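Enquirer: Next one to model:
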Amino acid sequence: MSSKRLSKNALKRYTFGYALVAPAFIILVVFFVWPLIQGLKISFYSGLGVRGVFVGSQNYTGTLTDPRFWNSFRVSMIFTFSIVVFSGLFGLLLAIALLKKPRMYVLYIAAAFMPYITTPVIGALIWNNLLADPFGIINVVLTSLGFQSVPWLKTPVLALISIIFIQVWYTIGYNAVLFMAGLQAIPTSYYEAAEIEGCGFFHKLVYITIPLLIPTIIFVAVISTLYGFVNSYILAELVTGGGPFEATNVMLSYVFEYAFDRFDLGRANAVTMITFVLFTGLAFIQFNYQKKKFFGLY
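Expert: Take a look at the predicted model:
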């Protein structure tokens, strides 16, 4: 009798748990799994999806042998890696600096977080006006001081550096807030003991702060990767137009070109599938590396 009662109670608990998870599962299936399956199906056709001609793996072989695809992949990797490194590093340093200013704490946080509140489109347009050559605000100031104007958006290397800088400016405040939450969770007794032992700022940063912030660092790296990949298209289109000489032509620009300029949804979906596999693999490698490093520290 008691076993039946236990099984009924267990069934109720499981049913209640599944009911709580069901909405999230339905959203995942409807907005991620189903579109992914449909995209995979369309990628085997040319033209406007399944209404086009079945071409098998032709879209995949055409993409993988296209130098422009690998150029966009290289640009996206440089952009994303730079965003993860620089926005994470400067976000951490900014968080440490903000925690040492308790009087104007709220004001400094608001100022640091302000760029993130603006939409990426507005931020891109602002920086486009600042960096334009020769009549951008920065170049006007430089020429008024006797310097030559700098073609920020007309030189391949400077154009890529410019959009990387804009994305770092956009995300650094958000990352700083995340790091501040992680820093405040570290017991102050660790730092007090380190000071007694005569440790300086660098030693405390390397041996206390960073090891205890590994979970936060992993989260910031994943979020920065996602935001960087999505915002790369906005910055490339609105600031540089993908140029010069496709120096800022990212993978989403390549996808949009085939989807909306050439109306080849099959090729666009093939590129999306390849991108999904590549970035999923890279994210898996990154996560496992950081996970091993995290457990190795303890």
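
Enquirer: Look up how far residue 135 lies from the nearest residue to residue 166 once chain neighbours are set aside.
Expert: Distances taken as Cβ to Cβ, 6 or more residues apart in numbering place residue 127 nearest to residue 166, at 4.9 Å, with adjacent residues excluded. Bear in mind the C-beta positions are built from the backbone N, C-alpha and C, glycine included. Residue 127 is 15 Å from residue 135, where distance means Cβ to Cβ, to the nearest Å.

Enquirer: following the helix or strand the residue nearest to residue 166 falls within, which helix or strand shows up next?
Expert: In the assignment (DSSP states H and E), residue 127 maps to helix 120-131. Once the chain leaves helix 120-131, the next helix or strand it forms, by DSSP H and E, is helix 137-144.

Enquirer: now that following helix against helix 120-131, angle please.
Expert: Interaxial angle, helix 137-144 versus helix 120-131 (axes from the mean of the first three to the mean of the last three Cα atoms, to 10 degrees): 10 degrees.

Enquirer: Mind giving me the packing neighbours of helix 137-144?
Expert: helix 120-131 (3 or more Cβ pairs under 8 Å, 6 or more residues apart in numbering; DSSP states H and E).

Enquirer: which helices and strands sit right next to the helix it packs on?
Expert: helix 137-144, helix 156-184, helix 214-235.

Enquirer: Please identify the buried residues of it?
Expert: 120, 123-124, 126-128, 130-131 (16 or more other Cβ atoms under 10 Å).

Enquirer: who's in contact with it?
Expert: Helix 120-131 has contacts (Cβ atoms under 8 Å, 6 or more residues apart in numbering) with 115, 118, 136-139, 152-153, 162, 166, 169-170, 231, 234-235, 238-239.

Enquirer: right, and residue 177 touches residue 114 too?
Expert: No: distance between residue 177 and residue 114: 11.6 Å, which falls outside the contact criterion (Cβ atoms under 8 Å).

Enquirer: Who are the contact partners of the closest residue to residue 278 other than its chain neighbours?
Expert: The shortest distance from residue 278 to any non-neighbouring residue, by Cβ to Cβ, 6+ apart, is to residue 73 (7.2 Å). Applying Cβ under 8 Å, 6+ apart, we find residue 73 in contact with 251, 275, 278.

Enquirer: least confident pick among the residues you listed?
Expert: Ranked by pLDDT, those bottom out at residue 278 (81).

Enquirer: my read is that one is in a strand, agree?
Expert: No: counting by DSSP: H, G, I helix; E, B strand; the rest coil, residue 278 falls outside a strand, being helix.

Enquirer: any idea how far it lies from residue 161?
Expert: Applying Cβ to Cβ, the value for residue 278 to residue 161 is 24 Å.

Enquirer: could you show me where the strands are in this protein, in order?
Expert: Remark: strands assigned in the chain by DSSP state E are 45-46, 53-54.

Enquirer: Mean neighbour count and distance to residue 209 for the ones you listed - can I get that in JSON lines?
Expert: Output for the strands of the chain, formatted as JSON lines (neighbours: other Cβ atoms under 10 Å; distance: least, Cβ to Cβ, whole Å):
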{"stretch": "strand 45-46", "mean neighbour count": "20", "distance to residue 209": "53"}
{"stretch": "strand 53-54", "mean neighbour count": "10", "distance to residue 209": "56"}
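
Enquirer: And those strands: which comes nearest residue 200?
Expert: strand 45-46 (62.6 Å; Cβ to Cβ).

Enquirer: Can you tell me the strand partners of the closest one and which way each runs?
Expert: Take DSSP bridges as the rule and strand 45-46 pairs in its sheet with strand 53-54 (antiparallel).

Enquirer: Run the chain-centre distance for the strand it pairs with.
Expert: The chain centroid and the centroid of strand 53-54 are separated by 35 Å under Cα atoms, centre = their mean, to the nearest Å.
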